[in-house]
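Undergrad: Return a 3D structure for these sequence lines:
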Amino acid sequence: MPPKGQRIGYVRVSSYDQNEDRQIEHMDGLDRIFTDKASGKNTERPRLQELLSYAREGDTIVVHSMDRLARNLDDLRQLVNTQTRRGIRVEFIKENLTFTGEDSPMSNLMLSVLGAVAQFERDLIKERQKEGIILARKRGVYKGRKKSLSPEKIEDLRQRANNKEKKEKKLHLAREYGISRETLYQYLKQASGN
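TA: A predicted model of the protein is given here:
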């Protein structure tokens, strides 16, 4: 019997210049979509957390592929198991798998195997990236990542972050400038000379 609740889509792209349309085009009949533009390295993504709070028993969470929901096997299994225990189905379009909590041993094996493959692929990409950087440094062609902000914006950011009277939250500043909190703290650290 098909579920009676809503079909809720979850989309994740890694950066602000990536397009989520490729993921959405295969998700039919969605009642609502939550989109994160963030790394999948952990589950502390604002729209994912919002979706998990929003979903109710009988709903189905629809995700394009397992690697969009989680980048490591532990997080993937924990997310799927937690939601299915709440009576929420989790459907992966690319893998053609749906988890209900009443899954067969074969379904649980597929979750583990495909999740492990996704994690392995990500680890290989990171390893190749590190090797490429090392080789580029040896050749003297690696310049590092381009600065996210112009020197003028960096100075403006530092002044606002250090303004004792206004006390702006660093998280809000990072979002406003379109950078991570880590990058914000690096800019502030460079200013102090540490």
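Undergrad: Quickly note the distance from the residue of the chain positioned farthest from its centre to Tyr187.
TA: Here the centre of the chain is the reference, and by C-alpha atoms, centre = their mean the most remote residue is Glu165, at 34.6 Å. Relative to Tyr187, Glu165 is positioned 21 Å away (criterion: C-beta to C-beta, to the nearest Å). C-beta coordinates here come from the backbone N, C-alpha and C atoms, glycine included.
Undergrad: One more: Asp36?
TA: With distances taken as C-beta to C-beta, Asp36 is found 24 Å from Tyr187.
Undergrad: ok, now Gly101?
TA: Going from Gly101 to Tyr187 by C-beta to C-beta gives 46 Å.
Undergrad: Same drill for those two, tell me which one is more crowded.
TA: Between Gly101 and Tyr187, counting by other C-beta atoms under 10 Å, Tyr187 is the more crowded of the two (21 against 14).
Undergrad: got the buried residues for the helix or strand in which the more buried one is found?
TA: Tyr187 is part of helix 181-192, with elements assigned from DSSP states H and E. Counting neighbours by 16 or more other C-beta atoms under 10 Å, one finds that the buried residues in helix 181-192 are 183-184, 187-188.
Undergrad: Among those residues, find me the one that's closest to Ala136.
TA: The shortest separation between Ala136 and any of the buried residues of helix 181-192 is 21.6 Å, and it belongs to Thr183 (by C-beta to C-beta).
Undergrad: State the helix or strand in which the residue nearest to that closest one when sequence neighbours are not counted lies.
TA: Counting by C-beta to C-beta, 6 or more residues apart in numbering, Ser148 is the residue found nearest to Thr183 once chain neighbours are left out, at 5.8 Å. Under the criterion of DSSP H and E, Ser148 resides outside all helices and strands.
Undergrad: For Arg32, give me phi and psi.
TA: As for Arg32, its main-chain torsions (degrees, to the nearest 10) stand at phi -160, psi 150.
Undergrad: shouldn't it be in contact with Tyr10?
TA: No - shown here, Arg32 and Tyr10 do not form a contact pair, counting by C-beta atoms under 8 Å, at 9.9 Å.
Undergrad: Looking at those two now, which is surrounded by more residues?
TA: When neighbours are counted by other C-beta under 10 Å, Tyr10 comes out ahead of the other of Arg32 and Tyr10, with 26 against 13.
Undergrad: Make sure the more buried one is actually in contact with Ile61.
TA: Yes - the pair formed by Tyr10 and Ile61 meets the contact definition of C-beta under 8 Å, at 6.0 Å.
Undergrad: who touches both of these two?
TA: Here Tyr10 and Ile61 share the contacting residues Leu51, scored by C-beta atoms under 8 Å, 6 or more residues apart in numbering.
Undergrad: re earlier: nearest to Gln23 among the buried residues of helix 181-192?
TA: Within the buried residues of helix 181-192, the smallest distance to Gln23 is 26.1 Å, found for Thr183 (C-beta to C-beta).
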